[in-house]
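1. Provide a 3D model corresponding to the input given below.
(one chain, ligands or ions: 1)
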Amino acid sequence: MSQLVRIATRKSALALWQAYYVKQELERHHAGIQVELVPMSTQGDKILDTPLAKIGGKGLFVKELEAALLDGRADIAVHSMKDVPVAFPEGLVLPTICPREDPRDAFVSNTYSTLSELPAGAVVGTSSLRRQCQLKARRPDLQIHDLRGNVNTRLAKLDQGDFDAIILAAAGLLRLDFSSRITCLLEPEDSLPANGQGAVGIECRADDVATQQLLAALHHQDTADRVLAERAMNRRLQGGCQVPIGAYALLEGNELWLRGLVGSLDGQQILQAESRAPRAQAEQLGIDVAEQLLAQGAATLLAAAYAERD
Ligand SMILES: NCc1[nH]cc(CCC(=O)O)c1CC(=O)O
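-> Next comes the predicted model:
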């Protein structure tokens with residue numbers, strides 16, 4: 001009997017690309033398998049006129065997909081790991097993380113070739129508090145304006161002349177064949193990526209062992225260990241999706257190197273910490289870096305960011 005796997009996915013071009021990627025990989029690894037997409041809208045897709053940070057709440061882009069898993073309309077949900085809250089609802093697990101795309105942020109401009117070329121007072125679009133605080137730290141003179149919508153919408157707003165430059169995840173641009181739009185990539189030293197950026201994760205019901213067996217072939221342990229450390233850091237900081245927090249891990253042999261950052265929205269204060277540990281201790285590494293940040297006063301900065309948002 002051939003098994004049917006139904007994939008809950010958002011309808012944005014990037015979400016569909018990621019869902020088709022998972023479908024293709026499942027078909028490649030399991031001859032005769034049947035895979036269907038179940039596209040749906042999430043709260044994050046419906047509310048487009050409000051800055052993400054102001055909508056608040058966790059899991060803006062994942063809740064509806066999780067509901068579909070729990071009530072049996074779908075078997076797996078494909079997410080950008082960056083959008084997945086650090087804790088899972090009862091009854092769901094995320095056993096599979098696929099190989100990571102480029103995790104860096106991309107600088108995109110039709111006029112200027114680097115961040116430092118931007119003239120004083122230039123307008124930069126981003127909806128990410130993490131990008132905002134790091135931009136402001138380097139260039140206090142820049143004006144940061146909110147930029148919402150999917151990748152196509154954001155590029156269109158740049159082309160329309162609303163911004164001198166925009167910052168978005170390189171991963172989305174690369175997956176959607178917009179690599180020619182990347183003016184330059186920002187190194188982690190200049191823009192520490194968000195936890196999980198560039199990685200795709202697959203969620204399913206905890207008791208659905210058959211599906212978990214099929215998913216195992218798609219799992220990439222190197223990516224999973226890196227993302228585990230990054231998410232553990234955010235979890236210890238009790239960070240939601242919309243926070244001025246960067247977390248980025250690299251593997252050097254079997255050792256993980258995790259860097260973390262917490263900033264004030266005006267970029268005046270940037271806290272940084274880093275540590276290394278064997279990959280088997282990914283989670284503890286994340287906690288250690290978070291504790292270092294807390295010892296420097298991260299909780300106060302985060303509370304101020306939350307207060308400004310509300
Ligand atoms: N919050 C939206 C979101 N979620 C995942 C990506 C990009 C792809 C990825 O990180 O895997 C983006 C867009 C962006 O940040 O520019």
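
2. How about the residues of this protein by the ligand?
-> Residues of the chain lying near the ligand by CB under 6 Å from any ligand atom: 80, 82-83, 168-169, 171-172, 197-198. Any C-beta I mention is one placed from the backbone N, CA and C, and that applies to glycine too.

3. For those, pick the one with the most neighbours.
-> Using other CB atoms under 10 Å as the neighbour test, the residues of the chain next to the ligand are led by Gln197, with 28 neighbours.

4. Report the secondary structure state of it.
-> Here Gln197 is recorded as coil under DSSP: H, G, I helix; E, B strand; the rest coil.

5. how about the CA coordinates for stretch 282-296, as PDB?
-> Extracted in PDB, the C-alpha atoms of stretch 282-296 (Å, rounded to 0.1, in the frame of the first residue of the first chain):
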ATOM      1  CA  ALA A 282      24.300  21.900  21.800                       C
ATOM      2  CA  GLU A 283      21.500  22.700  24.200                       C
ATOM      3  CA  GLN A 284      23.700  23.400  27.100                       C
ATOM      4  CA  LEU A 285      25.900  25.600  24.900                       C
ATOM      5  CA  GLY A 286      22.800  27.700  24.000                       C
ATOM      6  CA  ILE A 287      21.900  28.100  27.700                       C
ATOM      7  CA  ASP A 288      25.500  29.100  28.500                       C
ATOM      8  CA  VAL A 289      25.600  31.900  25.900                       C
ATOM      9  CA  ALA A 290      22.200  33.100  27.100                       C
ATOM     10  CA  GLU A 291      23.300  33.200  30.700                       C
ATOM     11  CA  GLN A 292      26.300  35.300  29.600                       C
ATOM     12  CA  LEU A 293      24.000  37.700  27.900                       C
ATOM     13  CA  LEU A 294      21.700  37.800  30.900                       C
ATOM     14  CA  ALA A 295      24.700  38.500  33.200                       C
ATOM     15  CA  GLN A 296      25.400  41.600  30.900                       C
END
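
6. Flag every buried residue along that stretch.
-> 282-283, 285-294 (16 or more other CB atoms under 10 Å).

7. Nearest to the spatial middle of the protein, which residue is it?
-> The chain has Lys82 as the residue nearest its centroid, 2.1 Å off, counting by CA atoms, centre = their mean.

8. what about the residue lying closest to Thr223 once chain neighbours are set aside, how many residues close to it?
-> With sequence-adjacent residues excluded and distances taken as CB to CB, 6 or more residues apart in numbering, Thr223 is closest to Arg100, at 4.4 Å. By the criterion of other CB under 10 Å, Arg100 has 19 neighbours.

9. still on that earlier bit, can you redo the buried residues of stretch 282-296 as TSV with distance to Val5?
-> Formatted as TSV, the buried residues of stretch 282-296 follow (distance: CB to CB, whole Å):
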residue	distance to Val5
Ala282	28
Glu283	29
Leu285	34
Gly286	31
Ile287	35
Asp288	38
Val289	36
Ala290	36
Glu291	40
Gln292	42
Leu293	40
Leu294	41
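
10. Mind pulling up the pLDDT for Gly198?
-> pLDDT, Gly198: 98.

11. quick one on the thing from earlier: quick one: the residue nearest to the centre of the chain from Gln34, how far?
-> Distance of Lys82 to Gln34, given as CB to CB, to the nearest Å: 30 Å.
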